[in-house]
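Asker: Provide a 3D model corresponding to the input given below.
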Amino acid sequence: MAYSGNTGLKRILMAGLYSWQGFKAAFRKEEAFRQEVYLSAVLIPLAFYLGDNGMQIAMMVGSVLLVLMVEILNSAIEAVVDRIGMEPHKLSGRAKDMGSSAVLLSLINVVVVWSLVLFYK
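Answerer: Numbering: from 1, shown residues only. You can find the predicted model right below:
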């Protein structure tokens, strides 16, 4: 992307606007992201209830937020691959599969973190 010419506070505000647009696009266009947002709306408050201290709460909340971050990155990869072309190609498939694997690992991370925190209470 070309240099926008924005500096200082305007650059920060514009970056925030672009980030919000990305969040809205993911929420509108990606069913998996919507499901994860709804699950986060349950799990994040639950982390404050179940966690015994700030470290436990931070680990539980952080693991949930990581899923959202990885899902957005996966959606971005899929959008770029689809933009390049819809015809099947082994590298396109590999890129999409790797993005999906990252999401799966982030979900496994939630299960592991929450299980360890709750098991060692």
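Asker: list the buried ones in stretch 59-66?
Answerer: 59-61, 63-64, 66 (16 or more other CB atoms under 10 Å). Every residue, glycine included, has its C-beta placed from N, CA and C.
Asker: tabulate these (TSV), appending pLDDT and distance to Ile12.
Answerer: Output for the buried residues of stretch 59-66, formatted as TSV (pLDDT from 0 to 100; distance: CB to CB, whole Å):
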residue	pLDDT	distance to Ile12
Met59	98	29
Met60	98	30
Val61	98	24
Ser63	98	28
Val64	98	26
Leu66	98	24
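Asker: of the residues you listed, closest to Pro45?
Answerer: Closest approach between the buried residues of stretch 59-66 and Pro45, by CB to CB: Val61, at 9.6 Å.
Asker: hmm, the closest one is touching Ile44, no?
Answerer: Yes. Look at Val61 against Ile44 with CB atoms under 8 Å: they come within range, at 5.5 Å.
Asker: ok so, going back, output the buried residues of stretch 59-66 as CSV; include the columns distance to Asp97 and secondary structure.
Answerer: Formatted as CSV, those follow (distance: CB to CB, whole Å; DSSP: H, G, I helix; E, B strand; the rest coil):
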residue, distance to Asp97, secondary structure
Met59, 28, helix
Met60, 29, helix
Val61, 29, helix
Ser63, 23, helix
Val64, 24, helix
Leu66, 20, helix
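Asker: over to Gly51: give its phi and psi.
Answerer: Reported as degrees, to the nearest 10, the phi and psi values for Gly51 are phi -70, psi 140.
Asker: could you list the buried residues of the lowest-mean-pLDDT helix or strand in the chain?
Answerer: Using mean pLDDT, DSSP states H and E, the weakest-scoring helix or strand in the chain turns out to be helix 8-29, at a mean of 94. For helix 8-29, burial by neighbour count (16+ other CB under 10 Å) applies to Ala26.
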